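In: compute the structure for the input listed below.
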Amino acid sequence: MHEHDEDDAPGFRLGLPTILVLGALLVGSLVAGLVVWGTGGEAPPTVGAASGCTVTPLKYTVTNDPAVFAEQKRFESTINAVPKPGFYDRVLDPIPTLHAASHSFVVVFAREGLGGAGIDGLQAMERAAVATKAPVVVSRRRQDAAFVALSRGYELSCAEGGAVQAAEVRRFAAQEYASVADPADAGTSPAPSTPNDAPSPADQ
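Out: Below you'll find the model as predicted:
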């Protein structure tokens, strides 16, 4: 009776060259993911001290309200469709618009009826976002603050709605998508080393 060595047993084996190639592909995929999608927001967004805006972390990514969070979870398990990136000079359905912030969008809400230089600034930011396919959506909402922006589990809130605050919203968005930064804005924070400048999920 012939005894087989373990090395003679039939089965699938990977040679060293194959293992090295697979390892290189895995590392390459991870690096590409970091370059495209960013590192997951390791540093909190910053805000200019004189802007009149504040940044706060959100407990449930898009809200601090457990009821709103539960509503978002129900939406995610059913329709789960978000608005296309763009500037909407009207009130969109708040549930999918808010939900877009959990899908790597920067979401900006402007108070209904607000006009002037602040809105002009948001439109300029949105033009830059569209040109670079950065997923940014701006819509109207019934709210006390002039501007509210959401990104990476943080909320920027600006009580005033002028050009200074719109510039701060743009800086906030640029900390996630560097391509939306105003090139003429000396106050723009340095872009992260792996900016999250990917095509919009709506375009993929």
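In: what are the ranges of the helices in this structure?
Out: Assigned by DSSP state H, the chain shows helices spanning 16-37, 66-76, 94-99, 117-132, 163-174.
In: wait, Y88 touches V136, no?
Out: No - look at Y88 against V136 with Cβ atoms under 8 Å: they stay out of range, at 11.4 Å. (Each C-beta comes from the backbone N, C-alpha and C, glycine too.)
In: more neighbours: these two, which one.
Out: V136 (29 against 15; other Cβ atoms under 10 Å).
In: so that one bridges to which residues?
Out: Assessed by DSSP bridges, V136 has beta-bridge partners V106.
In: so it touches V180, yeah?
Out: Yes - using Cβ under 8 Å, V136 is in contact with V180, at 6.3 Å.
In: find the residues that touch each one of these two.
Out: Taking Cβ atoms under 8 Å, 6 or more residues apart in numbering as the criterion, V136 and V180 both touch V106, M125, A129, A173.
In: quick one: the most centrally placed residue in the chain from T61, how far?
Out: Nearest to the geometric centre of the chain sits S104, at 3.3 Å (Cα atoms, centre = their mean). Counting by Cβ to Cβ, to the nearest Å, the separation of S104 from T61 is 11 Å.
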